[in-house]
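>>> Quick one, what's the 3D model for this:
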Amino acid sequence: MASQWADSTGYIYFTTTSSPSFDGTKKVFFSVTNNGAWYTYTVDMSVNSAWSGTIKQIRIDSALNGVLNKPVGFDWIETSPKVITPTHTVSKTIMTVGDSVTLTCGLTSAGAGRTVAFFVKNGSTTVSSTTRTTNSSGNATWTPTAQSSWQPSVSTQCRDESTLATSSWRNITVNPPLLSPPTLQSPIGGAKVYQDASGKVNLNWANVSGNNGYLMIVDGMSPMPMSVNQTTYAASLTAGGTHTWQMCTKNSAGICGTYSSPVQSFYILPTPTISSTSYSINVGDSVTLTCDLSPAGAGRGVDISPKTSEVLLRVV
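From the prediction side, this is the model:
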């Protein structure tokens, strides 16, 4: 527009279907340079809350007062959506293949009803994308699931398709899939076992392909790390009681998946001790033999064989 009128006060008036007459409530001010040169003016009509619904007419007053024989000219007039820089957030910045993440694109209420595009890139390659329509608050969300192609990290962005304005990028680290827990083999199901000669009980499980080691929880204590492809562990545990154990498998990133379920239990039988009232007797004499299963062997049957007794008794 070019103007040679005396003042620099311009207004754009408008009408709508619900308010079809020009009046002072439906106008937006803009400042005019009145030296007769051509200028491009950009006027944000959304500053007037009445600029909504269907716009029927516009009227441009390039000054408050016109001047005789001082021309004002228009080369072109166009309307376009308000440029709003989208805001973009992600619900998590570290995730695992198979997890979901919520991406949000915000345009404020001035961008209600617009189409926005979401992009997920691994390097320069777009691995996922979609479009959504913003709600009355100008927000849109998308909840994709991380794929293997997202590893080891992706960047996400959203774009207002009306103006092609883009948001900042957001970075997400994507870890490899979680692995299933190993199958616990023995002892399980409340089995009754003895300690070995060194006072330990061997816990055994099936190896999981691709594992990067395991974590084991015994009796609810802190997890203990196990080596890659390890399938047995000699546990030092107290006899005469019930013990529990469960395990999970580490993936290549060292992240453990779910623990084995149900939690397995077993009972360690106490090692019997035998004693007698005398260690040297004559044929025909009586001897008292005592078998001790304390502290947890009350009510159990015992069998004292000659082989057992001969290591404790000398018969003469």
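>>> Assumed Ala110 was part of a helix.
Yes. Per DSSP: H, G, I helix; E, B strand; the rest coil, Ala110 lies within a helix segment.
>>> for it, what are its contacts?
46, 82, 84, 138 (C-beta atoms under 8 Å, 6 or more residues apart in numbering). (Glycine included, C-beta is placed from N, CA and C.)
>>> which of the residues you listed has the most neighbours?
Ranked by the number of neighbours (other C-beta atoms under 10 Å), the contacts of Ala110 place Gly138 first, at 21 neighbours.
>>> Report the contact partners of that one.
Gly138 neighbours (C-beta under 8 Å, 6+ apart): 84, 106-112, 114.
>>> Tell me the spacing between it and Val116.
Using C-beta to C-beta, to the nearest Å, we find Gly138 at a distance of 9 Å from Val116.
>>> Among the contacts of Ala110, find the lowest-pLDDT one for me.
Across the contacts of Ala110, the smallest pLDDT goes to Lys82, namely 82.
>>> I'd assumed Asp44 was in contact with that one.
Yes. Judged on C-beta atoms under 8 Å, Lys82 makes contact with Asp44 at a distance of 6.1 Å.
>>> quick one: Leu178 and Asn251 touch, right?
Yes. Leu178 lies in contact with Asn251 (C-beta under 8 Å); the separation is 6.0 Å.
>>> Name the residues contacting each of those two.
The contact sets of Leu178 and Asn251 overlap at Gly257 (C-beta under 8 Å, 6+ apart).
>>> All the helices of the chain, residue numbers only.
Secondary structure of the chain (DSSP state H): helices at 306-310.
>>> Could you list the low-confidence segments of it?
273-279, 289, 291-316 (pLDDT under 70).
>>> And it, what are its domain boundaries?
Here the domain parsing of the chain from automatic domain parsing is 2-73, 87-175, 184-268, 273-315.
>>> any idea which of the contacts of Ala110 is closest to Val218?
Nearest to Val218 out of those is Gly138 (C-beta to C-beta; 54.1 Å).
>>> and the gap between that closest one and Val47?
16 Å.
>>> Looking at the contacts of Ala110, which is nearest Arg132?
Nearest to Arg132, judged by C-beta to C-beta, of these is Gly138 at 11.8 Å.
>>> so how far is Asn65 from that closest one?
Distance from Gly138 to Asn65, counting by C-beta to C-beta: 39 Å.
>>> same question, Trp38
In this view, Trp38 and Asn65 are 22 Å apart by C-beta to C-beta.
>>> Then Ser280?
136 Å.
>>> before we move on, what about Arg59?
According to C-beta to C-beta, Arg59 and Asn65 sit 16 Å apart.
>>> Which one of these two is surrounded by more residues?
Higher neighbour count among Arg59 and Asn65: Arg59, with 12 against 9, using other C-beta under 10 Å.
>>> Please name the residues that touch that one.
Here Arg59 is in contact with 12-14, 22 (C-beta under 8 Å, 6+ apart).
>>> Please indicate which of these has the highest neighbour count?
Compared across the contacts of Arg59, Ile12 has the highest neighbour count, 20 neighbours, by other C-beta under 10 Å.
>>> Surely it touches Lys27?
Yes. Using C-beta under 8 Å, Ile12 makes contact with Lys27 at a distance of 6.5 Å.
>>> Need the overlap of contacts for the two.
Listed as contacting both Ile12 and Lys27 by C-beta under 8 Å, 6+ apart is no residue at all.
>>> Could you tell me how many residues sit around the closest residue to Asp196 other than its chain neighbours?
Ranked by C-beta to C-beta, 6 or more residues apart in numbering and with sequence neighbours excluded, the top spatial neighbour of Asp196 is Asn202, at 7.2 Å. Asn202 has 13 neighbours, counted by other C-beta under 10 Å.
>>> for Asn202, what are its contacts?
Residues in contact with Asn202 (C-beta under 8 Å, 6+ apart) are 186, 196, 232-235.
>>> Now do the strands in the stretch 151-300 of the chain.
153-160, 170-175, 184-186, 191-193, 201-205, 214-218, 224-226, 232-235, 241-249, 264-268, 273-276, 280-281, 289-292 (DSSP state E, counting those that start in this stretch).
>>> How about the fourth one, which residues are buried there?
Right, strand 191-193. Buried residues in strand 191-193, defined by neighbour count with 16 or more other C-beta atoms under 10 Å: Val193.
>>> What strands flank it, and is each parallel or antiparallel?
strand 264-268 (parallel) (DSSP bridges).
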